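Novice: generate a structure from the sequence data that follows.
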Amino acid sequence: MRLLAAALLATVLSGTSANAESEPRLDCGAGAATPTKHATVRIWFGGDLGDWAPPTCTGWPARPFTVLVEAIGDTALTGGPSTILARLARISDLTTIRYWSTTRDRWRDLITDATALSGPDPANRRTDFDEAELRAGAIYFWQEENTPLGAVTYRMSARIVDAQTVAVEINNALPARAALFASIPPGHHEFLYLFRRHGNEMWSLYGLMRSGSGPRRVARAGRKSYGNRAVALFRYLAGERTDGVPPLFP
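Specialist: Numbering: from 1, shown residues only. Okay, the predicted model is just below:
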């Protein structure tokens, strides 16, 4: 956990372009974060990073991936870690996220339905969680997405919660199916969100998503879609409006 907390200190946050280059900027060493006002999104596809392995602080095993997306920037969130946890725990609010569809040339709902679950079974719907439940251990939720994955059951856990850092991990609890990936085993569609306080009360956010189990040519054709969906999720978690602003990938 100390390694993961140190990772935020070492994340280099710079620029606002969305070009894929170099490697993800999460580092487990020591350093100082330099937040940026606008989110930066970078995307890699299977084979782009050679033998790259996730930093040990992520807790992710080394394995092939189909797509890897990084999003970095400042948030509009103020207050303590409870503010962040409460936002993450309100699963039903995920349906407010909108993203720019490049194929339809308009804003669309990213998640059409979402519910908290009392366990990994999608039939066990319940009301939204509260902050204390997310602090206490893993929680499960289900959502219907406007993505190639469709319906997915997720597991979310808060790995670090203190006055300066909130680290949350999310992955698919059950197998997921998608046209681009065929089938994704449990844990192979995963997110890591690292919130770091800077200044008096402001928070920055580092997000990393890895999905699939190997290169698929068709995935590259969806680069703009991956980018716009990633920035929509980032803006939501950052407490910002998700639509009505220029899309990052028009």
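Novice: which elements pack onto the helix ranked longest in the chain?
Specialist: Counting residues, the longest helix in the chain under DSSP state H turns out to be helix 223-237. Contacts defined by 3 or more CB pairs under 8 Å, 6 or more residues apart in numbering; DSSP states H and E place helix 223-237 against strand 40-45, strand 67-74, strand 98-101, strand 202-211. For every residue, glycine as well, the C-beta is placed using N, CA and C.
Novice: quick one: that helix to strand 202-211, angle?
Specialist: Counting by axes from the mean of the first three to the mean of the last three CA atoms, to 10 degrees, helix 223-237 points 140 degrees away from the direction of strand 202-211.
Novice: give me every residue that touches the nearest residue to residue 211 once chain neighbours are set aside.
Specialist: Leaving out its chain neighbours, the residue that sits closest to residue 211 by CB to CB, 6 or more residues apart in numbering is residue 189, at 4.5 Å. With contact taken as CB atoms under 8 Å, 6 or more residues apart in numbering, residue 189 is in contact with 149, 152, 171, 172, 176, 210, 211, 212.
Novice: with residue 47 instead?
Specialist: Here residue 47 is in contact with residue 215 (criterion: CB under 8 Å, 6+ apart).
Novice: and with 10 Å instead?
Specialist: Going by CB atoms under 10 Å, 6 or more residues apart in numbering, residue 47 touches 64, 65, 66, 214, 215.
Novice: those residues: which two are farthest apart?
Specialist: Largest separation among those by CB to CB: 65 and 215, giving 8.8 Å.
Novice: more crowded one of the two?
Specialist: The neighbour comparison of residue 65 against residue 215 (other CB atoms under 10 Å) goes to residue 65, with 26 against 15.
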